[in-house]
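A.B. asks: okay, structure incoming, though there's no sequence with it:
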């Protein structure tokens, strides 16, 4: 610690910090544009010039390290003169178009011009003109003349996003921010550049000219799209969500949000929102009153219960449903006498159920990911499934951590990967076993008996040994099982192996939660327990009645073809959904329920952080929050304990004073390991594309216009394509299970041999069977 | 695609820098491309980015920053006339006017047959010989008079 003085205030600050950091920590504001606490120092805007005693001229506070005895004056005559001079230069080329600028009212340049700008310009010459750019459907770069070349967007791309899509081309007066050869910006974090832009050069394309910042009321919410639970500011005008911005929370989303969190709101007010309860009568859909619809559902459930038995009723919820919704859903089902309730719709292997010591979770806090020094990431489309967790891991890797990957696809994670083992899905267990074997040899210890069967005949490859060495040499290792690993047909074995590797390597291990409430679903008891059927069993052994909470059976399940068949065969399907979707083909009742912006609720994120939020706008049309719908259903069916008058009361009963953190435990005990013999032929590798992950996202037009939302192709190694005699761009018929789909084939030589990558969650592939297992491809 | 010759030249250049700092060779790589093709296309920049393991945009930043890299074809013989202070005082305006008249093109333009390009340059560090121009950034011609320019053009015409 060293002593400095800023504006006469004595401060003790960390050695190595800069003047601007010291000042801001002490509550002294220094004007700035290019400086941002999360980005590297550029010192190119010069707005933060301050006077430093004994320095011959003003110094940029952002790039000046503190020194013992330093005396800084941020508002002295010399400092203010310098700042005003800089402001005059910045305004020379800046257009005077604030009245038509989207940034007006929340513009850093505008704000500082009030304090430091002149009342009139001395500049008489022509201003420079920078041509507009089209950089994609999310970020608008229409008015690049407004750019003050602070390069925050460029630095964000390189340092946080991991890829340099924007850069500063040309020089001097001609310098401009642009992409290479008019390319689009495809980063899944690109929207943050809009927040970072201190002027109106980069603005939100969907929000352009929609509202002024002072007309919007700002309401707190939590993202329902991934398991991080990013804190959102939902901005509302006239009872309509106009825009979503991040709320800073250092422990969770820092000051960022992913594009999925930022632009999903565009899906909230689309024409295919379900706004009235609907009933299918005589094959025709009719809009009915709530009372009629709910009584129909209650009667139907009563009849099926008395006729076929309560166990013929099943309930499925998406992991993005709130804690309250899932709690009431399972309470309703259990009240009726059925335990068939589940939210793990994409999971294939449920053999860990009952052997799990607690609720599966991240295994560490989100913030600690930045401090980890070794990673083993198993089966994860990391960037697309967890954009901000990927950014944290990227940051750790940048600071010297080693990232090791086991996966069936080799997507660019935009970070340095130390070792990777890209294998077919059926080889993943063996691949992980090799690492355990190698680590045991490295550490000269024996492995636990429970995993011995998986190690038989396993010889550690050079890659496995390198990964084991990497893990053994670290102090704060983390082993993470991604969505792909959780959806894998041998997910429990992967978990057991990861657990043993973590034990030998003194590392933590956990799951990158699949959905906003992957932890919350367990705590809401929305899992079948010993006597009920899990999600897969409920579809494999069709029930007579299904209650679907937010679920679109053909898009949100592991085996969509089987799910559709089960729905079509059922006597009654009740869709609780915010949208009119494919469900109209198999459902009997459609109940309009609120998306996250129209209801209060709670998400428990992957690290176990409980975050409750309130509704931000009134429910659209006759839409109602699902917890209220379920409450009324409970009352109509005379199930005990449904007298709730707020979602908070539901939450309090669901959590019942439990310490959430004490419930979290990834340990797996007593799993009987059965090795699975693999059949030859091609295997499917299925990802859920980032903008196909849930219903709201799927309805957001700007997100659907991005590259990430392009119609899925069948991706294969070019060697496999040669064997089939097809070339990129050809239409092929892909068969999985009983279902098939006709899509284009494309070469991807990063894929291992023997696999076909076909995305799930998309209408084009909804007819296919399971996300894992054998697949055949035919020429059409 | 980069030619084998360019590839070899880049590889030799890479030997001068640490293995993890390949991008240090970007200026040289751009120069090799221009020497061979006369200008640098977007595709060439993309190829260089792959070879040097750096973002395409970074290559573009460098290529646009330095004005001696041609981002469009500038003719077989590109004449760059210095118009900085010393040359200006010694009559570079006359040099430009004469070249314009002879070639029928203005600054930044190329003759219709693609043989000559004319552009403005910055100080070439040899003011003693002002006024001057360079041919393809390589050959320096100084103490220019209209007669001397005609003579140089006559020689270039033969090539």
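C.D. replies: Cool, the structure landed. Fair warning: this is a prediction, and the values are worked out from it, not measured in the lab.
A.B. asks: around chain A, pick out the residues from chain B.
C.D. replies: By CB under 8 Å from any CB of the partner chain, the residues of chain B that approach chain A are B:42, B:45-46, B:55-58, B:60-61, B:64-65. In this view, the C-beta of every residue, glycine as well, is placed from N, C-alpha and C.
A.B. asks: same thing but 6 Å
C.D. replies: Counting by CB under 6 Å from any CB of the partner chain, chain B comes close to chain A at B:42, B:55-57, B:60-61, B:64-65.
A.B. asks: just the buried ones from these, in ChimeraX syntax?
C.D. replies: The ChimeraX selection below is limited to those of those classed as buried (16 or more other CB atoms under 10 Å in any protein chain shown):
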select /B:55,56,57,60,61,64,65
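A.B. asks: from the residues of chain B next to chain A, pick the one nearest residue A:53.
C.D. replies: Nearest to residue A:53 among the residues of chain B next to chain A is residue B:65, at 36.9 Å by CB to CB.
A.B. asks: how many neighbours does the closest residue to the closest one other than its chain neighbours have?
C.D. replies: Nearest residue to residue B:65 in three dimensions, chain neighbours excluded: residue A:171, at 4.9 Å (CB to CB, 6 or more residues apart in numbering or on different chains). Neighbour count of residue A:171, defined by other CB atoms under 10 Å in any protein chain shown: 13.
A.B. asks: next structured bit after the strand or helix carrying residue A:418?
C.D. replies: Here residue A:418 sits within strand A:417-422, counting by DSSP states H and E. Using DSSP H and E, the helix or strand that follows strand A:417-422 towards the C-terminus is helix A:428-443.
A.B. asks: and that next one with strand A:417-422, angle?
C.D. replies: Put simply, helix A:428-443 runs at 140 degrees to strand A:417-422, going by axes from the mean of the first three to the mean of the last three CA atoms, to 10 degrees.
A.B. asks: can you list the residues of chain B next to chain A in a markdown table and add secondary structure?
C.D. replies: A markdown table is the format used below for the residues of chain B next to chain A (DSSP: H, G, I helix; E, B strand; the rest coil):
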| residue | secondary structure |
| --- | --- |
| B:42 | helix |
| B:55 | coil |
| B:56 | helix |
| B:57 | helix |
| B:60 | helix |
| B:61 | helix |
| B:64 | helix |
| B:65 | helix |
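A.B. asks: can you add pLDDT and give the residues of chain B next to chain A back as CSV?
C.D. replies: Below are the residues of chain B next to chain A laid out as CSV (pLDDT from 0 to 100):
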residue, pLDDT
B:42, 95
B:55, 96
B:56, 96
B:57, 96
B:60, 97
B:61, 97
B:64, 96
B:65, 96
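A.B. asks: farthest pair in the residues of chain B next to chain A?
C.D. replies: B:42 and B:65 (15.7 Å).
A.B. asks: tell me what the lengthiest strand in chain A is packed against?
C.D. replies: Assignment by DSSP state E gives strand A:739-747 as the longest strand of chain A. Where contact means 3 or more CB pairs under 6 Å, 6 or more residues apart in numbering or on different chains; DSSP states H and E, strand A:739-747 is packed against strand A:714-716, strand A:731-736.
A.B. asks: mean confidence score for that strand?
C.D. replies: Mean pLDDT, strand A:739-747: 95.
A.B. asks: with stretch A:186-204 instead?
C.D. replies: Per-residue scores along stretch A:186-204 average to 97.
A.B. asks: please apply the same query to stretch A:158-175.
C.D. replies: In this model, stretch A:158-175 has an average pLDDT of 95.
A.B. asks: what does that stretch contact?
C.D. replies: Residues outside stretch A:158-175 that contact it (CB atoms under 6 Å, 6 or more residues apart in numbering or on different chains): A:39, A:128, A:149, A:151, A:153-154, A:157, A:176-179, A:185, A:187, A:189, A:391, A:394, A:414-415, B:55, B:57, B:60-61, B:64-65.
A.B. asks: what residues sit buried inside that stretch?
C.D. replies: Within stretch A:158-175, the residues that qualify as buried are A:158-170, A:175, counting by 16+ other CB under 10 Å.
A.B. asks: rewinding a little: tell me the helices and strands packed up against the next helix or strand after the longest strand of chain A.
C.D. replies: Sequence order places strand A:755-757 as the next helix or strand after strand A:739-747, per DSSP H and E. When contacts are defined as 3+ CB pairs under 6 Å, 6+ apart, strand A:755-757 sits against strand A:683-685, strand A:714-716.
A.B. asks: look up which residues are beta-bridged to residue A:11.
C.D. replies: Bridge pairing for residue A:11 (DSSP bridges) gives the partners residue A:4.
A.B. asks: what about residue A:106, how many neighbours?
C.D. replies: So residue A:106, with other CB under 10 Å, has 15 neighbours.
A.B. asks: for chain B, which segments count as strands?
C.D. replies: With DSSP E as the criterion, chain B has strands spanning B:77-82, B:109-110, B:116-121, B:133-135, B:139-141.
A.B. asks: ok, residue 17 - contacts?
C.D. replies: Defaulting to chain A. Listed by CB under 6 Å, 6+ apart, the contact set of residue A:17 reads residue A:66.
A.B. asks: let me rephrase: I mean chain B.
C.D. replies: Residue B:17 is in contact with residue B:24, counting by CB under 6 Å, 6+ apart.
A.B. asks: please report how far it lies from residue B:29.
C.D. replies: To residue B:29, residue B:17 is 12 Å away according to CB to CB, to the nearest Å.
A.B. asks: returning to what we had before: now tabulate the helices and strands packed on strand A:739-747 in TSV and tack on mean neighbour count and mean pLDDT.
C.D. replies: Below are the helices and strands packed on strand A:739-747 laid out as TSV (neighbours: other CB atoms under 10 Å in any protein chain shown; pLDDT from 0 to 100):
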stretch	mean neighbour count	mean pLDDT
strand A:714-716	26	96
strand A:731-736	20	95
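A.B. asks: mind checking which of those is nearest residue A:707?
C.D. replies: strand A:714-716 (14.6 Å).
A.B. asks: ok, residues contacting that closest one?
C.D. replies: By CB under 6 Å, 6+ apart, strand A:714-716 touches A:732, A:734, A:743, A:745-746, A:748, A:756-758.
A.B. asks: residues of the helix or strand following that strand that come out buried?
C.D. replies: As assigned by DSSP H and E, the chain's next helix or strand after strand A:714-716 is helix A:718-724. Across helix A:718-724, burial judged by 16+ other CB under 10 Å covers A:720-721, A:724.
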